[in-house]
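Engineer: sequence first, then the predicted structure:
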Amino acid sequence: MSSAYQRKVSALATEIKALARSDGSYAPEDLIEWARKHPKSLLHASFEWSEKVAATEYRLEQARKLLRQYSVVVKGTVQEYGLISVISRRADSPKGSYLTQKTIAADKVLRKEVLEQCRVQLRGIKEKYGWLKELNSVWDVID
């Protein structure tokens, strides 16, 4: 990471830390309210302020959530429900696409991609929760 990027992240973290509540918690609405009142802040720049664009993005996020949660494949009269994996590096879909586990399992390239995606996510979980020593046996397996 560049030092300019690190400075920006640090400055943004400083803005966010200043918004901690008395009990040490943070609330999303506090960030939005503060950012709205400070249009020159990094926090303000982190939000989409166009209502039209924000509404569209929100609906897209709702659709992504639905796709991550549900999949229905109809076979005659039988319906199979299954999770859908996000494939982020497909050449034909630079924003990502959603495929059934069955489709991914049948394709060696897709399976390898999802396996790597899983490893990255597991390392992220370890990074976030690595301080929980009760899970050391889990963290050892992730390495």
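Structural biologist: Nice, I can see it.
Engineer: shaky segments in the chain?
Structural biologist: Low-confidence segments of the chain, defined by pLDDT under 70: 1, 70-96.
Engineer: how about the lengthiest helix in it: buried residues?
Structural biologist: Secondary structure of the chain per DSSP state H: the longest helix is helix 108-129. By neighbour count on 16 or more other Cβ atoms under 10 Å, the buried set for helix 108-129 is 110, 113, 114, 126. C-betas here are computed from N, CA, C, even on glycine.
Engineer: report all helices and strands that it contacts.
Structural biologist: Judged by 3 or more Cβ pairs under 8 Å, 6 or more residues apart in numbering; DSSP states H and E, the packing partners of helix 108-129 are strand 84-87, helix 101-105, helix 136-142.
Engineer: of these, flag the one that's most buried.
Structural biologist: Neighbour counts (mean count of other Cβ atoms under 10 Å) averaged over each of these peak at strand 84-87, with a mean of 18.
Engineer: let me know the closest of the buried residues of helix 108-129 to residue 45.
Structural biologist: Nearest to residue 45 among the buried residues of helix 108-129, counting by Cβ to Cβ, is residue 126 at 30.6 Å.
Engineer: I'd say the closest one and residue 142 touch.
Structural biologist: Yes: judged on Cβ atoms under 8 Å, residue 126 makes contact with residue 142 at a distance of 5.0 Å.
Engineer: ok, back up a step: which single one of the buried residues of helix 108-129 is nearest to residue 16?
Structural biologist: Among the buried residues of helix 108-129, residue 126 lies closest to residue 16 (Cβ to Cβ), at 23.2 Å.
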